[in-house]
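The sequence and its predicted three-dimensional model are supplied below.
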Amino acid sequence: MAKRPPSSNGAEPSDTVTKRSKIDDTANSSPLSFNVPSSMECATPWRSAEISQLLPPLPKVKDKKLEELAFTHPGFVPGSSPDKQYEKLEWVGDAYLELFATLLIHNTFPKMPSGRCSQMRERLIRNTTLAAYFREYGLESKARLPRDIMDQKKPARGSSSDKDMLKIQGDMFESYVAALILSDPANGIATTMGWLKALWGRAIIDDVRKAEVAEADAVTTENAERQRNPKEELSCKIVVKGITLRYEKAETKKKTDRHLGQELFTVNVYLDGWGEKGKLLGWGSGLNVKEAGQKAAMRALENRKLIKVYEGKKKAFMEAKGGAV
């Protein structure tokens with residue numbers, strides 16, 4: 001393919017600029033932010049206050065033939081082609097269910113490790129869960145099953161037949177999900193996502209509440225840390241019982257502030273503990289002893305490499321005692 005010549009004014013072709021812009025946008029976005037289609041923007045986070053324990057209304061499949069197909073077992077008409085029974089719909093619905101659950105969990109629990117996210121997703125989309133929803137909505141009456149399955153007696157719990165029936169009901173639920181989406185190209189995804197979010201919310205509400213409490217605690221802790229003065233912050237990082245910080249007046253090289261002409265005070269902060277005795281951590285000067293002490297603590301905090309050493313010792317000490325840092 002021949003190279004496209006530059007434009008007459010020396011600027012790059014517009015499509016090249018557009019491509020470069022898209023690359024820049026991708027580079028600047030968070031690596032954990034999903035760029036999903038607009039139809040998926042309904043995957044908003046769960047909020048405990050918005051979750052109801054009532055069974056949400058079952059959306060209607062707009063195409064009746066597609067709905068019938070979703071409930072047609074492969075053995076209902078022996079030897080039927082894939083487009084005459086539910087297996088192909090089940091395959092599509094399974095993919096949508098996994099995607100919907102993934103987006104909802106990711107958006108609700110952004111700090112949760114991927115392993116725990118996978119465990120939570122499995123709770124929502126496993127056969128036992130979907131089969132239970134199938135029965136809650138009374139969809140057994142719509143199932144078109146082979147005679148041998150229809151005639152079998154109610155199996156004992158845990159039997160292979162029971163597991164087979166759970167698999168069939170779970171598969172048919174997945175097929176119904178696909179039928180909802182495929183029968184409504186304009187709104188099927190949003191409708192189905194909203195329904196499943198409400199349905200799954202009943203099972204996941206305790207996890208949502210725990211995440212909200214943890215988030216609120218984190219905000220409270222962060223606000224408290226912001227409100228601490230340097231002395232409090234330094235003490236919080238490295239002091240436990242038996243470890244002390246000493247703030248002592250020291251000789252001031254500059255006797256007065258050159259701008260205000262007022263007397264200056266200097267304070268040193270020393271550490272006694274963690275294998276140290278009289279370890280100078282920092283110093284500061286101010287118009288009074290209190291201000292000088294705060295500046296000394298601030299200077300100590302700025303020595304992050306040193307403070308990190310004592311933070312590590314405090315952490316190890318607290319863990320050995322079984323306490324929280």
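Nice, thanks for sending it over. Residues are numbered from 1 along each chain as shown.

Below-threshold pLDDT in this protein: ranges please.
1-40, 151-162, 219-226, 257-260, 323-325 (pLDDT under 70).

Which parts of it are helices?
Here the chain has its helices, by DSSP state H, at 14-28, 64-70, 87-108, 114-125, 127-136, 147-151, 160-182, 188-227, 230-238, 289-302, 304-321.

need those helices in CSV with mean neighbour count, can you?
C-beta here means a position set from N, CA and C on the backbone, and glycine is covered the same way. Formatted as CSV, the helices of the chain follow (neighbours: other Cβ atoms under 10 Å):
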stretch, mean neighbour count
helix 14-28, 10
helix 64-70, 17
helix 87-108, 19
helix 114-125, 14
helix 127-136, 17
helix 147-151, 10
helix 160-182, 21
helix 188-227, 15
helix 230-238, 18
helix 289-302, 20
helix 304-321, 13
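
center of the chain, which residue is that?
Taking Cα atoms, centre = their mean as the criterion, Pro110 is the residue nearest the geometric centre of the chain, at 1.8 Å.

any idea how far it is from Lys314?
Applying Cβ to Cβ, to the nearest Å, the value for Pro110 to Lys314 is 29 Å.

ditto for Ala203
41 Å.

for the closest residue to Glu302 other than its chain neighbours, what are its contacts?
Nearest residue to Glu302, sequence neighbours excluded (Cβ to Cβ, 6 or more residues apart in numbering): Gly282, at 7.6 Å. Residues near Gly282 by Cβ atoms under 8 Å, 6 or more residues apart in numbering: 268-269, 296-303.

Angles on the backbone of the residue nearest to the centre of the chain, please.
Main-chain torsions, Pro110, degrees, to the nearest 10: phi -60, psi -20.

for the nearest residue to Trp195 once chain neighbours are set aside, what are its contacts?
Excluding the flanking residues, the one nearest Trp195 by Cβ to Cβ, 6+ apart is Pro59, at 5.2 Å. Contacts for Pro59 (Cβ under 8 Å, 6+ apart) come out as 180, 191-192, 195.

One more pass at 6 Å, please.
180, 191, 195 (Cβ atoms under 6 Å, 6 or more residues apart in numbering).

quick one: the nearest residue to the first one once chain neighbours are set aside and Lys65, what's the gap?
Which is Leu180. Distances taken as Cβ to Cβ, 6+ apart put Thr192 closest to Leu180, at 4.8 Å, once the chain neighbours are dropped. Distance, Thr192 to Lys65, using Cβ to Cβ: 19 Å.

closest to Lys84 among the contacts of Gly282?
Leu301 (72.2 Å; Cβ to Cβ).

how close does that closest one sit to Glu251?
23 Å.

pull the longest strand from the protein.
Using DSSP state E, we find that the single longest strand of the chain is strand 276-286.

Show me the protein divided up by domain.
What the TED database lists as the domains of the chain is 39-46+56-223, 230-323.

Which of the contacts of Pro59 sits closest to Val240?
The shortest approach to Val240 among the contacts of Pro59 belongs to Trp195, at 53.0 Å (Cβ to Cβ).

how near is that closest one to Met150?
With distances taken as Cβ to Cβ, Trp195 is found 29 Å from Met150.

What's the separation between the closest residue to Ile125 other than its chain neighbours and Tyr310?
Once flanking residues are discounted, Ile125 sits nearest to Leu97: 4.9 Å by Cβ to Cβ, 6+ apart. From Leu97 across to Tyr310, the span is 51 Å (Cβ to Cβ).
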